[in-house]
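1. how would this look folded up:
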Amino acid sequence: LVPGSNRTVHDGIYQVPSPALPFGNGFRFPIRLAPWCNILQDLQPDLIEVGDPYLTAWAALDARRQLDIPVIGFYHSDLPLLVRNRMGNWLTPNVEAYVSRLYRHFDRVLAPSQVMANKLIGLGVDNVFVQPLGVDLQTFNPQHRDPDLRAELQISPDAHLLIFAGRGAKEKNLPVLLDCMRDLGQNWHLLLVGSQMPSLVPDNVTVIDDFCPPAQLARLMASADALVHAGDQETFGLVILEAMASGIPVVAVDAGAFREIVHDEVGLLCQPNNPEAMANAVRELFANNPAQLGRQARQRAELHYSWDRVVQDLLVHYHALTGTHQAVPVHV
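-> This is a model prediction of the structure:
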């Protein structure tokens, strides 16, 4: 069940009418509980997993009471931190109390990283399990590397090509990346890919200020030499997995969930909010066979983060709550 403009059903996806957020880039926010509760009553599910902490979470808990079924809450976003970043500290205690109250109601709580699990535990939520996310190994694949990309973007064939993909939000710390590129100089080039990117950038930075479909992003990712990420508040870091699956190494900051994903065999971590430290880490990475690190990154993505692996792990939680047994492997 997802928010949509109208109530529709297609390929098992139920859209529930929800208004679009002003300036929300197409995001919709449910404001009426009844439509969600009614659809859940009609569907009669055996288990519900809810992925956000807003109205749909309470609809799922209402269905739990009505249908006597287990409900899993997946805590994807650090809600207190998001509110603090945008509104200051004055609301933080209230938001933390809300998160604690909501997630204590679930039969099981999943977090994408240990750092997120620890935050929930610190708020008094128990029954928390770490469940990493996955990456599409077919879409993000070294085979999509395109040697013509540099000429297409008018980038020197001799430059080391770095990439960052994501939103240009404050917490991504893009000024750190831009200052890092000023430090690195003209033998290095950065692709900034995503919406809300800055327009004033150094000469060795190319901006693709738009949402990229997965196939297009996969081509850009595989055609780069390394990913750089300065965000220090990541709850997981899916773009890190996309880079690893694309066969390129990673330089990221030593903060948040990156500590759990970026190991020495796939890249380097550096001090947060320090452009000079990031530039030095980039130079160090390229002095130590980045192509080999990229191959190891791909291997690690295949071993730990394929969707087959992740879904199998997720089904363990489902079966534990429903008391059923998984008889056959599931492939996605």
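2. ok, R182 to A224 distance?
-> 19 Å (CB to CB, to the nearest Å). The C-beta positions use only the backbone N, C-alpha and C, and glycine is treated the same way.
3. typo on my end, Q66
-> Applying CB to CB to Q66 and A224 gives a distance of 50 Å.
4. can you check N274 too?
-> According to CB to CB, N274 and A224 sit 22 Å apart.
5. who's more crowded, those two?
-> Taking neighbours as other CB atoms under 10 Å, N274 and A224 compare with A224 leading, 26 against 16.
6. Against V228, how distant is the closest residue to that one other than its chain neighbours?
-> Among residues not flanking A224 along the chain, I163 sits closest, at 3.9 Å (CB to CB, 6 or more residues apart in numbering). Between I163 and V228 the computed distance is 7 Å (CB to CB).
7. Equivalent analysis for D264, please.
-> Distance from D264 to V228, by CB to CB: 17 Å.
8. just R145 next, same as before
-> 18 Å.
9. what about these two, which has more around it?
-> Neighbour comparison, R145 and V228: the larger count goes to V228, with 27 against 16 (by other CB under 10 Å).
10. pretty sure that one is touching V282, no?
-> Yes - counting by CB atoms under 8 Å, V228 touches V282, with 6.6 Å between them.
11. show me where this protein has helices.
-> Taking DSSP state H as the criterion, the chain contains helices spanning 33-43, 55-67, 79-87, 92-103, 114-122, 149-152, 174-184, 214-223, 238-245, 258-261, 275-286, 290-304, 307-322.
12. for the ones you listed, which one sits closest to L268?
-> helix 275-286 (4.6 Å; CB to CB).
13. tilt between the closest one and helix 290-304?
-> 90 degrees (axes from the mean of the first three to the mean of the last three CA atoms, to 10 degrees).
14. So which elements touch helix 275-286?
-> For helix 275-286, the elements it packs on are strand 160-165, helix 174-184, strand 226-229, strand 250-253, strand 267-270, judged by 3 or more CB pairs under 8 Å, 6 or more residues apart in numbering; DSSP states H and E.
15. Quick one: closest of these to D313.
-> The nearest among the helices and strands packed on helix 275-286, by CB to CB, is strand 250-253 at 22.7 Å.
16. sorry, back to before: can you check which residues contact both of I163 and V228?
-> Residues touching both I163 and V228 by CB atoms under 8 Å, 6 or more residues apart in numbering: L190.
17. Which residues are in contact with V239?
-> V239 neighbours (CB under 8 Å, 6+ apart): F164, A165, G166, L227, H229.
18. Quick check: the residue located most distally from the centre of the chain vs R32, distance?
-> Within the chain, Q66 marks the point farthest from the mean C-alpha position, 32.8 Å out by CA atoms, centre = their mean. For Q66, the distance to R32 equals 17 Å [CB to CB].
19. same check, this time on N289
-> With distances taken as CB to CB, N289 is found 56 Å from R32.
20. can you check L81 too?
-> Distance, L81 to R32, using CB to CB: 28 Å.
21. again with G247
-> G247 sits 46 Å away from R32, going by CB to CB.
22. and what of R300?
-> 44 Å.
23. Then D308?
-> For D308, the distance to R32 - CB to CB - is 37 Å.
24. how is this protein carved up into domains?
-> Using automatic domain parsing, the domain ranges for the chain come out as 2-134+307-319, 142-297.
25. Let me have these in a markdown table, extended by mean pLDDT.
-> Formatted as a markdown table, the domains of the chain follow (pLDDT from 0 to 100):
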| stretch | mean pLDDT |
| --- | --- |
| domain 2-134+307-319 | 91 |
| domain 142-297 | 96 |
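26. Tell me which of these is the most buried.
-> Among those, domain 142-297 has the highest mean neighbour count (mean count of other CB atoms under 10 Å), at a mean of 19.
27. Quick one: end-to-end distance for that one.
-> With CA to CA, to the nearest Å as the measure, domain 142-297 spans 11 Å from end to end.
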